[in-house]
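*Asks:* Got a predicted structure plus its sequence, pasted below:
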Amino acid sequence: MRNFSALVFGTFLVAGTTSAVQAQSLVSGFMAGKGHGSVVLSGTTERYDNVYLAPEKIDRVPVFQEVRVNSLNLYTTYGLSDKIDAVISLPYIQSKGKAAGAVINDLNTLYPTAGFANVRQGLQDITGLLKFKSYSREIGSSILDLLGVVSFSTPISNYQT
């Protein structure tokens with residue numbers, strides 16, 4: 001038991017000190033169940049001041065020197081039945097650079113259709129999906145579920161890439 005506790009503690013310690021974290025996709029292996037669901041607001045932030053431009057790494061972000069990206073995501077799930085869940089995700093993203101005003105003005109004069117700016121922000125693509133349990137079977141003390149998904153995604157605002 002002592003070794004198991006040390007293993008669990010070590011796993012949480014490593015996970016807590018890792019600088020890169022990956023989020024779960026919209027499709028999980030869990031069903032909410034009829035009449036059950038959740039609403040979640042999550043956020044992320046990142047900053048970078050160097051980039052990789054093949055074939056080498058550059059110690060400064062061209063034009064903007066530094067970029068900060070902040071995002072919020074509204075995620076909802078609801079069990080329409082014990083075998084069908086509805087999921088909706090709507091992200092809002094803000095990206096900020098630190099370019100000097102004169103640099104932005106000069107670039108917009110040279111490339112009038114490019115629309116250089118230090119800040120871009122807005123609602124992104126809304127995604128909706130229906131997740132359904134197509135097959136379920138007990139195997140010993142476990143249950144095998146096969147899930148299928150039908151989804152759509154479309155821009156909800158006229159954001160610039």
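*Replies:* In hand now; what should we look at? These numbers come from a predicted model, not from an experiment.
*Asks:* Helix, strand, or coil at A102?
*Replies:* Here A102 is recorded as helix under DSSP: H, G, I helix; E, B strand; the rest coil.
*Asks:* So which residues of this structure form strands?
*Replies:* For the chain, the strands defined by DSSP state E cover 37-48, 51-53, 56-58, 67-79, 84-97, 119-123, 125-139, 142-155.
*Asks:* buried stuff in the fifth one?
*Replies:* Of the residues in strand 84-97, those buried under the neighbour-count criterion (16 or more other CB atoms under 10 Å) are D85, V87, S89, L90, P91, Y92, I93, S95, K96, G97. All C-beta atoms are positioned from the backbone trio N, CA, C, and that covers glycine.
*Asks:* of these, closest to S153?
*Replies:* For S153, the nearest member of the buried residues of strand 84-97 is S89. The distance, counting by CB to CB, is 8.8 Å.
*Asks:* For the closest one, name its beta-bridge partners.
*Replies:* Under the criterion DSSP bridges, S89 forms beta bridges with Y75, T127.
*Asks:* Show the contacting residues for it.
*Replies:* Each residue near S89 by CB atoms under 8 Å, 6 or more residues apart in numbering is listed here: L26, N73, L74, Y75, T76, I126, T127, G128.
*Asks:* what pLDDT does it get?
*Replies:* The predicted local distance difference test score for S89 is 95.
*Asks:* Distance of it relative to G97?
*Replies:* The gap separating S89 from G97 is 26 Å, by CB to CB, to the nearest Å.
*Asks:* re the thing from before, could you dump the buried residues of strand 84-97 to JSON lines with distance to S42?
*Replies:* JSON lines is the format used below for these (distance: CB to CB, whole Å):
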{"residue": "D85", "distance to S42": "18"}
{"residue": "V87", "distance to S42": "14"}
{"residue": "S89", "distance to S42": "10"}
{"residue": "L90", "distance to S42": "11"}
{"residue": "P91", "distance to S42": "9"}
{"residue": "Y92", "distance to S42": "11"}
{"residue": "I93", "distance to S42": "13"}
{"residue": "S95", "distance to S42": "18"}
{"residue": "K96", "distance to S42": "20"}
{"residue": "G97", "distance to S42": "24"}
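*Asks:* for the residues you listed, which one is nearest N50?
*Replies:* Closest to N50, out of all of these and judged by CB to CB, is G97, at 13.9 Å.
*Asks:* Neighbours of the closest residue to the closest one other than its chain neighbours, how many?
*Replies:* Spatially, and ignoring its direct neighbours in sequence, G97 is nearest to F64 (3.0 Å; CB to CB, 6 or more residues apart in numbering). The local packing of F64 (other CB atoms under 10 Å) involves 20 other residues.
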